[in-house]
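> prediction below, plus the sequence it came from.
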2 protein chains.
Amino acid sequence: MNVAGPAYDEEAVDLGEITGSLGFLLRMAQLKAFDFFFRTLDGENLRPGEFTVLWVINLNPGLRQGTFARRLKIKPAHMTKLVARMVDQGLVHREIPQDDRRSVRLSLTEGGSAFVARYREKFLHLHLAERSDLTVEESATLIHLLKRYAGIDGDGPCL
Amino acid sequence: MNVAGPAYDEEAVDLGEITGSLGFLLRMAQLKAFDFFFRTLDGENLRPGEFTVLWVINLNPGLRQGTFARRLKIKPAHMTKLVARMVDQGLVHREIPQDDRRSVRLSLTEGGSAFVARYREKFLHLHLAERSDLTVEESATLIHLLKRYAGIDGDGPCL
DNA sequence: CGCAAAAAGTTTCCACGTAAACTATTTTCT
DNA sequence: AGAAAATAGTTTACGTGGAAACTTTTTGCG
């Protein structure tokens, strides 16, 4: 039955020193995280990026589109499309303020707030699943170091 | 002159509990890593993924295309295109073995080997730059935890 | 053997994200 | 005030990566 044994392992691939590359590891890790995301929110038509944007608008209603984009490192062109889609879905409200008609202020519609509220639980639950292979301490360390590396300030409540 | 002060910070954006999400942090971290990559290898026409594939073929010449793809979590469709491009560039050699004409065995051409050798140094140097914000210890911990999380075995020589 | 199923890649089509050029507003400078 | 520069977002055109369907070759089985 070959349990847990790499005995019958097709062909071994040596990765060499590339396993010391943060870039490489981050990519592999991200694929795993995506996996968790889509497995946990199976069936729901929810993309990681979209949810993040809704989440942040919910916490900071009325800020400018570009402010959100910069903070989340989303490129303007992409942000435009993201927002357009969410407006189409009736989740986000766009307002052009009269004192600066170049800008766009974003907030959630009632539907948008409900949407975030509805997924909040699943989203938080996701954090647990995500970390299943690491101990609680290791998870905390990993998250702390990633924040440091990525330059994200607040050491706020992290589950 | 506003040094190091977030005093004149456009508009503060609260990220809330999403900073505890591995998926979110991994995305932010990856963007930073890409940044390092392209800054360090400025001007060179080199993509992270391409280099990784060449690197691994170099270490394991003659394995099947699909074996490489699975190990690096590259989808078959994408792998086909990647390999085609590298063959066009004269870096990779494809061989259809007679004992199984469905499969493709990959190895580097002389040009391919030279290419990897040429970038090896820059690539290793990159590891240092990448970690500039973390101490050596922290870097090691981060890398170790990412390996664990991503399920990458060998704790091989990591720089 | 000969046909069904599996395996390895490839092709086609589509979604996501970006860079570059563009439009519309506001600010700055003389 | 009025031209030049800067700012905010949008549009277009493209490159990367993926899912699904397809081709070819090999394996399993009656």
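On my side now, so go ahead. Numbers count the residues shown, from 1 in each chain, chains lettered A, B, ... in the order given.
> the helix or strand bottoming out on mean pLDDT in chain A and chain B, any residue contact?
Within chain A, judged by mean pLDDT, DSSP states H and E, the helix or strand with the poorest mean is helix A:110-130; its value is a mean of 84. Yes: against chain B, helix A:110-130 shows contacts by Cβ under 8 Å from any Cβ of the partner chain at A:Phe123, A:Leu124, A:Leu126, A:His127, A:Glu130. Every C-beta, even on glycine, is put in place using the N, C-alpha and C of the backbone.
> take the residues you listed and lay them out in JSON lines including distance to A:Phe37 and neighbour count.
Shown next, in JSON lines, are the residues of helix A:110-130 next to chain B (distance: Cβ to Cβ, whole Å; neighbours: other Cβ atoms under 10 Å in any protein chain shown):
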{"residue": "A:Phe123", "distance to A:Phe37": "9", "neighbour count": "22"}
{"residue": "A:Leu124", "distance to A:Phe37": "13", "neighbour count": "13"}
{"residue": "A:Leu126", "distance to A:Phe37": "6", "neighbour count": "22"}
{"residue": "A:His127", "distance to A:Phe37": "11", "neighbour count": "20"}
{"residue": "A:Glu130", "distance to A:Phe37": "8", "neighbour count": "22"}
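> distance from the chain centre to the least confident helix or strand of chain A, please.
Offset of helix A:110-130 from its chain centre (Cα atoms, centre = their mean, to the nearest Å): 12 Å.
> distance check, the residue nearest in space to the middle of chain A against chain B.
Nearest residue to the geometric centre of chain A (Cα atoms, centre = their mean): A:Pro48, 4.7 Å. To chain B, A:Pro48 is 6 Å away according to Cβ to the nearest Cβ, to the nearest Å.
> where's that residue relative to A:Thr135, distance?
Here A:Pro48 is placed at a distance of 25 Å from A:Thr135 (Cβ to Cβ, to the nearest Å).
> if we can go back for a sec, now do the contacts for the residue nearest to the centre of chain A.
When contacts are counted by Cβ atoms under 8 Å, 6 or more residues apart in numbering or on different chains, A:Pro48 is found next to A:Phe34, A:Phe37, B:Gly23, B:Phe24, B:Arg27.
> repeat that with 10 Å
A:Gln30, A:Ala33, A:Phe34, A:Phe37, A:Phe38, A:Leu41, A:Phe123, A:Leu126, B:Ser21, B:Gly23, B:Phe24, B:Arg27 (Cβ atoms under 10 Å, 6 or more residues apart in numbering or on different chains).
> give me the number of residues near the second one?
This points to A:Ala33. 22 (other Cβ atoms under 10 Å in any protein chain shown).
> any chance of the contacts of A:Pro48 in CSV, with secondary structure and distance to B:Ser107 too?
As requested, the contacts of A:Pro48 are exported to CSV (DSSP: H, G, I helix; E, B strand; the rest coil; distance: Cβ to Cβ, whole Å):
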residue, secondary structure, distance to B:Ser107
A:Gln30, helix, 29
A:Ala33, helix, 33
A:Phe34, helix, 31
A:Phe37, helix, 37
A:Phe38, helix, 35
A:Leu41, coil, 42
A:Phe123, helix, 45
A:Leu126, helix, 42
B:Ser21, coil, 41
B:Gly23, helix, 36
B:Phe24, helix, 39
B:Arg27, helix, 34
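> many thanks, I have nothing further to ask.
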